[in-house]
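In: With the sequence up front, the predicted model follows.
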Amino acid sequence: MGNVMVAAKARSSSRSKEKIREENELIILIAAEKVFAKHGLKGATTKQIADMAILPKSNIHYYFHTKLNLYRYVLESILVDWMKAADTFDTFDEPREAIRYYVGAKMDLSRTRPFGSKVWANEIISGAPVMEEILSSRLKKWVDTCVNSINTWIELKKIVNVGDAHTLLYMIWATTQHYADFEYQVKILNNGKRLTDAEFEEKKQQVIDLVLRSVGLNP
């Protein structure tokens, strides 16, 4: 019985440590997105990130070792979320639902992770010095899959011929990420006020409808 109790306590302790690690990594990720979005990789410091996270600086190095590793983690994290949003291309047989959920998910990410999107945009604008390999491999492979889905819909006459399917993807990215990357501009043009949740939902639906119409589908 004693050995069983010891083993149970050990498993409980292990789960607790894992939970603490996950919570701290998430706190650091959120803080890092804000700091990297404002200062970039070179201008950001682990102290700034630690202060933003309200955690000891040693925690940053314990979980991520270096500032560069944390920067990569931020970029890969937002990319993974964007890629997950496109799972609908495989989940739904009909393009209307696939596109509706994809565009909606991309809009939601612009609302919930605007700083992550800004970090990604700044990295690409700078020539992708850190992410070039991932762009040419992992991202390229993922985009090819999305393009194949779009071309299949065109061949089956489920959507109109949009020409190069990449153009449709670029349009979706540009429109949805605009609400993150140019959030301040949207605020200024909205009489200096950040979009309320209700206003954002309205914009999201408008974007979804516009994209659907652009491929010949009724919203």
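Out: Sure thing, it's come through.

In: Whichever strand or helix holds Ile30: what's the following helix or strand?
Out: According to DSSP states H and E, Ile30 maps onto helix 2-43. Using DSSP H and E, the helix or strand that follows helix 2-43 towards the C-terminus is helix 46-53.

In: what sits up against that following helix?
Out: Residues from elsewhere that reach helix 46-53 (Cβ atoms under 8 Å, 6 or more residues apart in numbering): 27-28, 30-32, 34-35, 39, 56-57, 59-61, 67, 70. The way it works is simple: take the backbone N, C-alpha and C, and place the C-beta from them, glycine included.

In: now swap in stretch 149-168 and tell me
Out: Contacts for stretch 149-168 (Cβ under 8 Å, 6+ apart): 89-90, 94-95, 98, 143, 146-147, 169, 214-217.

In: swap the cut-off to 10 Å and go again
Out: Applying Cβ atoms under 10 Å, 6 or more residues apart in numbering, the contact partners of stretch 149-168 are 86, 88-90, 92-96, 98-99, 143-144, 146-148, 169-171, 211-212, 214-217.

In: Give me the buried positions along that stretch.
Out: 149-150, 153-154, 158-159, 162, 165, 168 (16 or more other Cβ atoms under 10 Å).

In: for the record, mean pLDDT for it?
Out: Mean pLDDT, computed over stretch 149-168, is 96.

In: now that stretch: how far from the chain's centre is it?
Out: When C-alpha coordinates are averaged (Cα atoms, centre = their mean, to the nearest Å), stretch 149-168 and its chain have centres 24 Å apart.

In: Between the two ends of that stretch, how far is it?
Out: 12 Å (Cα to Cα, to the nearest Å).

In: Could you do stretch 123-135 as well?
Out: 11 Å.

In: In it, which residues are buried?
Out: Buried positions in stretch 123-135, judged by neighbour count with 16+ other Cβ under 10 Å: 123, 128, 131.

In: Nearest residue to the second one in space, ignoring adjacent ones along the chain?
Out: Closest residue in space to Ala128, ignoring its immediate chain neighbours: Leu135 at 5.5 Å, by Cβ to Cβ, 6 or more residues apart in numbering.

In: Is it correct that the one you found is in contact with Glu76?
Out: No. The criterion here is Cβ atoms under 10 Å, and Leu135 misses it with Glu76 at 11.6 Å.

In: Quick check: closest non-adjacent residue to Arg111.
Out: In this structure, Arg111 finds its nearest non-sequential neighbour in Phe200, 5.7 Å apart by Cβ to Cβ, 6+ apart.

In: Tell me how far that neighbour lies from Ser110.
Out: Between Phe200 and Ser110 the distance is 9 Å, computed by Cβ to Cβ, to the nearest Å.

In: Tell me which residues touch the residue most central in space within the chain, please.
Out: Within the chain, one residue has its C-alpha closest to the average C-alpha position: by Cα atoms, centre = their mean, that is Ile78, at 3.2 Å. The contact partners of Ile78, by Cβ under 10 Å, 6+ apart, come to 29, 33, 109, 113, 115-120, 180.
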